[in-house]
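Undergrad: Dropping the sequence and predicted coords here.
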Amino acid sequence: MQLIYKKTLQTPLGEMVACAVDQGICLLEFTDRKNFEKQFISLSKALKAEIKEGDHVHFKQLEEELKEYFEGKRQTFDVPLYTTGTGFQEKVWQLLREIPMGETRTYKQQSEFLGNPKAIRAVGTANGINKIAILIPCHRVIGSNGELVGYAGGIWRKQKLLELEKAILF
């Protein structure tokens, strides 16, 4: 049986857990996020693998890149990622990765970019089940009225991440 390695990391915005397989980082979540435990169950099922505490080569790169990000020295991430979603979810997550740092888009804009303007809810749902916080930046998506909505790690964290990213650019 394949193994998924798990490690707890400390960040300026709280404790996070990372999971990795040989293909890349497959989970990065704040430990106090909504439905935290469900993320492990879903990941384990999707990869038909057991999750266990342990070190992995991708963790060293992840920790270094996160440190640089929180210090305002990094705008993009190079650590390999491994996502497990439907075709639609994968498209949504890829689109998230294309939002430049320091910018936001609305759920409506994201659905229009996908060529399906009526898929606003589906885009929101796909954002919500993204298992790789920060690296797949679902925090850059906001409500059509400009409000910060829908972040499983907490709206206050979404605000802090957006503030940090704007600070990096100026």
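TA: Structure received.
Undergrad: what domains does the record give for this structure?
TA: 3-71, 87-165 (the TED database).
Undergrad: Ramachandran angles for Cys138?
TA: Main-chain torsions, Cys138, degrees, to the nearest 10: phi -70, psi -20.
Undergrad: does Gly150 count as helix, strand or coil?
TA: Put simply, Gly150 is coil when judged by DSSP: H, G, I helix; E, B strand; the rest coil.
Undergrad: For it, which residues are in contact?
TA: Applying C-beta atoms under 8 Å, 6 or more residues apart in numbering, we find Gly150 in contact with Gly124, Asn127, Gly128, Val141, Gly143. (Each C-beta comes from the backbone N, C-alpha and C, glycine too.)
Undergrad: Mind checking which of these are buried?
TA: Buried residues within the contacts of Gly150, counting neighbours by 16 or more other C-beta atoms under 10 Å: Gly124, Asn127, Val141.
Undergrad: Among these, which lie within strands?
TA: Among the buried ones among the contacts of Gly150, DSSP state E puts Val141 in strands.
Undergrad: now the buried ones among the contacts of Gly150 in CSV, with distance to Gln61 and pLDDT?
TA: CSV is the format used below for the buried ones among the contacts of Gly150 (distance: C-beta to C-beta, whole Å; pLDDT from 0 to 100):
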residue, distance to Gln61, pLDDT
Gly124, 30, 92
Asn127, 25, 92
Val141, 26, 94
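Undergrad: follow-up on the earlier one: wait, which of the contacts of Gly150 is closest to Pro100?
TA: Val141 (13.0 Å; C-beta to C-beta).
Undergrad: Point out where this protein drops to low pLDDT.
TA: For the chain, applying pLDDT under 70 flags the ranges 1, 169-170.
Undergrad: so where do the strands sit in it?
TA: Under DSSP E, the chain gives strands at 2-11, 14-21, 24-30, 49-53, 105-106, 141-142.
Undergrad: mind giving me a markdown table with those and columns for distance to Leu95?
TA: Formatted as a markdown table, the strands of the chain follow (distance: least, C-beta to C-beta, whole Å):
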| stretch | distance to Leu95 |
| --- | --- |
| strand 2-11 | 25 |
| strand 14-21 | 23 |
| strand 24-30 | 18 |
| strand 49-53 | 27 |
| strand 105-106 | 9 |
| strand 141-142 | 9 |
